[in-house]
Every structure is written in C-alpha cells, then in structure tokens.
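> show me how the following folds:
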Amino acid sequence: MPSLPEPARNQDRWPIPIGQAAQRSGISAKMVRHYESLGLLPRVTRTGGGYRQYGETDVRQLRFIRRARDLGFSIDEITELLDLWSNRGRASASVKRIAQRHVDELSMRIDSLLAMQRSLKQLLHHCHGDDGPDCPILDDLAGDTRRPSASLN
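Down below sits the predicted model:
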C-alpha cells in the first residue's frame, strides 16, 4: 500500500512550521510573513530556535485571507472581514455591506476596462498594420491632436 504524502500523514500534528502552513493554506511562506507583519494574523508562537509555529486556527485564517484575496478584497477589507468573522455577535448586514461595496467597485473597474477595450479595438481597426510608418495607435498614445481617437469613427 502506498504511503500518504507527508502533509496528509501529519495532518493532525500541530503546531506546524511556516512551510507546512503555507502549503496547507495555498499561500507562499513569504506572503504568510507579510500578512503577519500587516496584522492580519496574530503573532504566532516560535520555537526555541526562533522558527514560527502555526496552529489550526492560523491555517484557517490564512485560507480565509487567500480566498478573500482571490475575490479581490483589499487588505483593509480583509481586516474588516476577519474582525467580523471572529465576532460571533456580528450582524451579517455588516458583511453584506462590505461585499456589496466591493461588487460596486468591481463593476466600475469592469466598465473602465470595457471602455479601454473599445478604444483599443477602434484604434486597431484604423491601424493598417502594414510596412508603412503611419500608425493611429502611436498617434493616439502620443496625444497627437491631428488624429484624435474620437475622429476615427
């Protein structure tokens, strides 16, 4: 019978060193240290040799941070969400307000990206892409008022 990978075999042995905490949470060891320095994680215990040791709660918190970052939440928003997560007396309305604000910001960014895409598509349409030197893309980037992108319609 094949042996289990090291993390699975030692899954219940806590605390664990930073490398295992990073692996189990899906965050690099460098980012684990960074999140700790920002105060997203409480100061962890250290061995006599000064090595960080992480418990189950720390790894759960790291997974929470990773998922929140995957969804694009800022560090400040994650700080708020972590505070709410640890507070069983929280109102879900507070969490929803943060999430809604983030969705609204994402919508504005998407609108901005779509406007950029439309402008670039318009410029691409007017660029011959041949061996000639004329290029409306470069003219637009240079702010050449002789060929404003609005007149490319």
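> residues of the helix or strand containing residue 30 that come out buried?
Here residue 30 sits within helix 29-38, counting by DSSP states H and E. Neighbour-count burial for helix 29-38, with 16 or more other CB atoms under 10 Å as criterion, is recorded at 31, 32, 35, 36. For every residue, glycine as well, the C-beta is placed using N, CA and C.
> ok, which pair from these is furthest apart?
Within these, two members stand farthest from each other by CB to CB: 31 and 36, at 9.5 Å.
> so what does the helix or strand where residue 117 lies touch, helix or strand wise?
Per DSSP H and E, residue 117 falls inside helix 92-126. Where contact means 3 or more CB pairs under 8 Å, 6 or more residues apart in numbering; DSSP states H and E, helix 92-126 is packed against helix 75-86, helix 136-141.
> tell me which residues in that helix are buried?
Under 16+ other CB under 10 Å, the buried positions of helix 92-126 are 98, 102, 122, 123, 126.
> for that helix, the averaged confidence score.
The pLDDT scores in helix 92-126 average 97.
> what does stretch 15-25 give?
Computed over stretch 15-25, the mean pLDDT rounds to 96.
> still on that earlier bit, closest to residue 70 among the buried residues of helix 92-126?
Proximity of these to residue 70 (CB to CB) peaks at residue 102, which lies at 12.4 Å.
> if we can go back for a sec, so what's the gap between the helix holding residue 117 and the chain middle?
How far helix 92-126 lies from its chain's middle: 16 Å, per CA atoms, centre = their mean, to the nearest Å.
> ok, now stretch 70-82?
On CA atoms, centre = their mean, the centre of stretch 70-82 falls 9 Å from the chain's centre.
> ok, stretch 113-128 next?
28 Å.
> and stretch 61-80, by the same measure?
Distance of stretch 61-80 from the chain centroid (CA atoms, centre = their mean) equals 7 Å.
> buried set for stretch 52-63?
52, 53, 54, 58, 59, 61, 62.
> for the helices and strands packed on helix 92-126, give me a markdown table that also has mean pLDDT and distance to residue 46.
Shown next, in a markdown table, are the helices and strands packed on helix 92-126 (pLDDT from 0 to 100; distance: least, CB to CB, whole Å):
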| stretch | mean pLDDT | distance to residue 46 |
| --- | --- | --- |
| helix 75-86 | 97 | 22 |
| helix 136-141 | 93 | 52 |
